[in-house]
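Enquirer: predicted model and sequence below, questions to follow.
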Amino acid sequence: MSTNRKSLAIVFGLSLLTMGQLSGAVEASASALPAGISFIAPEQAVTVYQLTDSLSVEVKSLLNEATSDGLRIAATIRMKSNSSKVIKIPETDLRVTTADGYEYTLQASVFNAHAIRPNTTEELSYMATVDRKDQVSLTGLSWFSVDWYTYPKTETTLLNIPVSSNIWSGPLSEITEPEYKKTWGETFRIPNIDSPLVYTPVAVQKDTTQQGTVTTVKLLVENPSGKKETLPEFSLDGRTANQTGSDPNVFPGKRVEQGPISLDPQEQRYIHYTVAIEKDTSLASLNLLTTETFKQLDAKGTPTQTSYSVGRLNIALPSGGQSDISIEGNAYEYNTPFRFDALSDAIDPNMDVSLVEMHMHENEGEGYQTVIGKFKLNNKGEQPLPLPQFQTKLVTESGLSYAGSRQTTTTQDIMPNTSYVISYSYIMPAEMKDRNFVLKLVDTKTAAPASTTIGAYRISLQTNTVNEDELSFYPFKVKMNLWQLSARTNMAPVTSPAPTTFSYKLKLDLDIERQEQVIVDQSFSKMTLELVDPTGKLLSVKTLSFTGVNRLVSGTQIIPFDNLKTDEQEYPLTVNIYESITTPTGEAKRLVGSIKE
């Protein structure tokens, strides 16, 4: 027994030394983590027990799950050799002891190794299904050497270890050990998994999609080691808060990225998990689970595999259920490029995206308001770039979120050293008075059908200013040098009696300047002129485009107002000048100027 204790101390000390070296390597790379992420060193190594002079064991996982077939007990054991030569794994019985005094022998997987190479580790799987329906607690694991050639058979106890904690009992299991409970934004390694990768939960977002309500979780993964590492397979299950008198609800999650993922030394990247939930569900935490397998032979001698999940960690979600600690939410200055998450590839590094205008527009008689945001996309590279497919959201001071509706475009690519303007519209309640928002720029492709935030800024809506001399329709500036409104009476010929009609003609002398070399297409906003009588009644409307054959140009413009909604001449008249844009819910307009007789 003293030899075992001495060997155990040596093995455990070496394990701590290895963990200390790894911790130092991880801490050295912690400065590369995005702002706001707190770094925490990896967990301590699991306890190692000496089975023989040459072999040590540790418990990787232990399952105690009630199923329809009975009680399923499974164990995965890591066995390591400290011998200098290949040695045979001894034929032993692995038994589990219950709190009520029963002992059950676990069956070894048919694919368990029978020998072990020098200084290597083998994982051995064991399982038994017990015909019991009651709740059972496990207390220990024991290894026995059985001599079947004596009568009665002789059993020798090789090792007894306690197993009162870290026992998984199925999806509804609750992880209570403090070292396996993580707060939001806390960096961790997956315990009992042979991988140096470290993880940080950085974003969680709840979306309503065509497939239902989905919670998306974004994890930052970093490889602090000096060699390429493959991401181990694990899953995340969403868990509601514990309810008095009832079990919590558990919703399985799945990883968005398919196939194997490898990280080079010091590399960082994001991975995403989606959890399909019910509409009114609020998740309180996440369980991180890994999968174990057990193989046995069926009646025909064919190997069959049983897979089961084991919980490793519980990660508390932030209050409110929405968070992204890698997004700073700084105050935004118009017409400056946004700074996006450095690890996101949703926006090409050679594509600058900036907000040039954000105004509240009118929707008369519709019962809602419309915010229109104009975004400038500038290709500063040397190759054509596809139009980025990001989405946007406006979040009010009270936390309400309004998704932007992107204008329909015909442009697919942006040429080098060229800019393009694209508009987003946001439908707001008519009674809303907010003028300060958080603007979120959203990647809808990487974790589709859910979305992830790649940038967020605090913005204030621009004030709608009315200027009769200089009108702003970014990127166009329209200077009004001269205007003249004249009336015309249209008399019917004597030979063809008809009612007398009236029309008006607006003569404009304009200077139209494009502020920057920015491309616009036919979906770009237009200039709308509304002719209004002294009582405010609308008499006629004319819409003029900045693109196309009949576009507005510098010089004299003659704009006829006919088909008037009046049977007499009116005076004085007003011409209201609007910037108008077509949105999915109709036309939205913003008053930019007004001329009166």
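Expert: Ah, there it is.
Enquirer: the residue nearest to residue 234 when sequence neighbours are not counted bridge partners, please.
Expert: Spatial nearest neighbour of residue 234, chain neighbours left out: residue 290 (4.9 Å); criterion: Cβ to Cβ, 6 or more residues apart in numbering. (Each C-beta comes from the backbone N, C-alpha and C, glycine too.) Bridge pairing for residue 290 (DSSP bridges) gives the partners residue 310.
Enquirer: number the chain from 118, please
Expert: Noted, 118 is the first residue going forward, which turns the last one into residue 407.
Enquirer: contacting residues for residue 407?
Expert: Residue 407 makes contact with 178, 307, 310, 349, 350, 351, 352, 426, 427, 429, according to Cβ atoms under 8 Å, 6 or more residues apart in numbering.
Enquirer: what's the answer for residue 276, then?
Expert: If you count contacts by Cβ under 8 Å, 6+ apart, residue 276 has them with 166, 167, 168, 174, 259, 260.
Enquirer: okay, which residue is most central for this protein?
Expert: Centroid-nearest residue in the chain, with Cα atoms, centre = their mean: residue 569, separated by 3.1 Å.
Enquirer: for stretch 327-334, list the C-alpha coordinates in CSV.
Expert: The C-alpha coordinates for stretch 327-334 follow below in CSV (Å, rounded to 0.1, in the frame of the first residue of the first chain):
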residue,chain,number,x,y,z
GLN,A,327,-38.7,30.3,-40.3
GLN,A,328,-37.7,27.1,-38.5
GLY,A,329,-38.8,28.4,-35.1
THR,A,330,-37.1,30.0,-32.2
VAL,A,331,-33.3,29.4,-32.0
THR,A,332,-30.7,30.4,-29.4
THR,A,333,-27.3,30.7,-31.0
VAL,A,334,-24.1,30.4,-28.8
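Enquirer: quick revisit: which of the contacts of residue 276 fall in strands?
Expert: Judged by DSSP state E, those include 166, 167, 174, 259, 260 as members of strands.
Enquirer: need the max-distance pair from those.
Expert: Greatest spatial distance among those (Cβ to Cβ): 167 and 259, at 14.5 Å.
Enquirer: higher neighbour count, the two?
Expert: Neighbours were counted for residue 167 and for residue 259 using other Cβ atoms under 10 Å; residue 167 has more, 21 against 18.
Enquirer: follow-up on the earlier one: which residues touch the closest residue to the residue nearest to the centre of the chain other than its chain neighbours?
Expert: Nearest residue to residue 569, sequence neighbours excluded (Cβ to Cβ, 6+ apart): residue 560, at 5.1 Å. Shown in contact with residue 560 (Cβ under 8 Å, 6+ apart): 461, 463, 507, 568, 569, 570, 571.
Enquirer: out of the residues you listed, which end up buried?
Expert: Buried members of the contacts of residue 560, scored by 16 or more other Cβ atoms under 10 Å, are 461, 463, 507, 568, 569, 570, 571.
Enquirer: what about the last one, helix or strand, and which?
Expert: Counting by DSSP states H and E, the element that carries residue 571 is strand 569-577.
Enquirer: my guess is residue 592 meets residue 629, correct?
Expert: No - using Cβ atoms under 8 Å, residue 592 is not in contact with residue 629, being 10.8 Å away.
Enquirer: hang on, the earlier thing: export the ones in strands among the contacts of residue 276 to JSON lines and tack on pLDDT and distance to residue 393?
Expert: Below are the ones in strands among the contacts of residue 276 laid out as JSON lines (pLDDT from 0 to 100; distance: Cβ to Cβ, whole Å):
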{"residue": "166", "pLDDT": "94", "distance to residue 393": "41"}
{"residue": "167", "pLDDT": "94", "distance to residue 393": "46"}
{"residue": "174", "pLDDT": "93", "distance to residue 393": "39"}
{"residue": "259", "pLDDT": "94", "distance to residue 393": "42"}
{"residue": "260", "pLDDT": "94", "distance to residue 393": "43"}
